[in-house]
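Asker: Generate a structure from the sequence data that follows.
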Amino acid sequence: MFQSRPRVFARVFLLLEKLGRRDDLVLGLLTGNYEFSGRMKLKACGVKNAAFTLGAFGEDASFPHPHRRNLPPVAQRRFELSFGHAAENTIIIGDTPHDVDCAHAHGLPALGVATGTASLEELKAAGADLAIEDLSDVNSVFDWIANASRR
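Answerer: The predicted structure follows:
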């Protein structure tokens, strides 16, 4: 069934707030959506664009051909330009096997969250470093992100 309005899943705002308070973490938005539509989706869900310091979007993935795998280096370059040093650790959080593939193509950890069309089993089969049903266990997700960012 077509859903006309995006929805926010359990405790996402709490997780974003908790992550945003960490001075050693930078939140970025990496999406295959074009920037305009990606930001519109966030707005429709009530997620403030300011929650994300930087981003990489569908239009950034067009060289040499459009592919989600092209986005992590774009986000990492933007981080380096903004902060003056390399992004030492990048984590990809996504809800599809394509997101897991995108992370692993660059040797990055992938947190698979089964809130989209992919099942928990599909995210595990894709090789997610951690696959979970949703983000409702904020403390466990937060701890995993904090530990993965120190690897």
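
Asker: Okay, and the beta partners of the spatially most central residue of the chain?
Answerer: Nearest residue to the geometric centre of the chain (C-alpha atoms, centre = their mean): Ile93, 3.8 Å. Residues in a beta bridge with Ile93, per DSSP bridges, are Leu111.

Asker: distance of it from Val100?
Answerer: For Ile93, the distance to Val100 equals 10 Å [C-beta to C-beta, to the nearest Å]. Just so you know, the C-beta spots here come from the backbone N, C-alpha and C atoms, and that holds for glycine as well.

Asker: what sits in contact with each of the two?
Answerer: Taking C-beta atoms under 8 Å, 6 or more residues apart in numbering as the contact rule, Ile93 and Val100 both touch Ala110.

Asker: other SSEs contacting the longest helix belonging to the chain?
Answerer: The longest helix of the chain (DSSP state H) is helix 71-83. In terms of contacts (3 or more C-beta pairs under 8 Å, 6 or more residues apart in numbering; DSSP states H and E), helix 71-83 is packed against strand 28-30, strand 54-56, helix 97-104.

Asker: send the alpha carbons of it over as PDB?
Answerer: Below are the C-alpha coordinates for helix 71-83, written out as PDB (Å, rounded to 0.1, in the frame of the first residue of the first chain):
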ATOM      1  CA  LEU A  71      28.300   8.600  -1.700                       C
ATOM      2  CA  PRO A  72      30.500   7.700   1.300                       C
ATOM      3  CA  PRO A  73      33.600   9.300  -0.300                       C
ATOM      4  CA  VAL A  74      31.600  12.500  -1.000                       C
ATOM      5  CA  ALA A  75      30.500  12.700   2.600                       C
ATOM      6  CA  GLN A  76      34.000  12.000   3.800                       C
ATOM      7  CA  ARG A  77      35.400  14.800   1.600                       C
ATOM      8  CA  ARG A  78      32.800  17.200   2.900                       C
ATOM      9  CA  PHE A  79      33.700  16.300   6.400                       C
ATOM     10  CA  GLU A  80      37.400  16.900   5.700                       C
ATOM     11  CA  LEU A  81      36.600  20.300   4.100                       C
ATOM     12  CA  SER A  82      34.400  21.300   7.100                       C
ATOM     13  CA  PHE A  83      36.600  20.000   9.900                       C
END
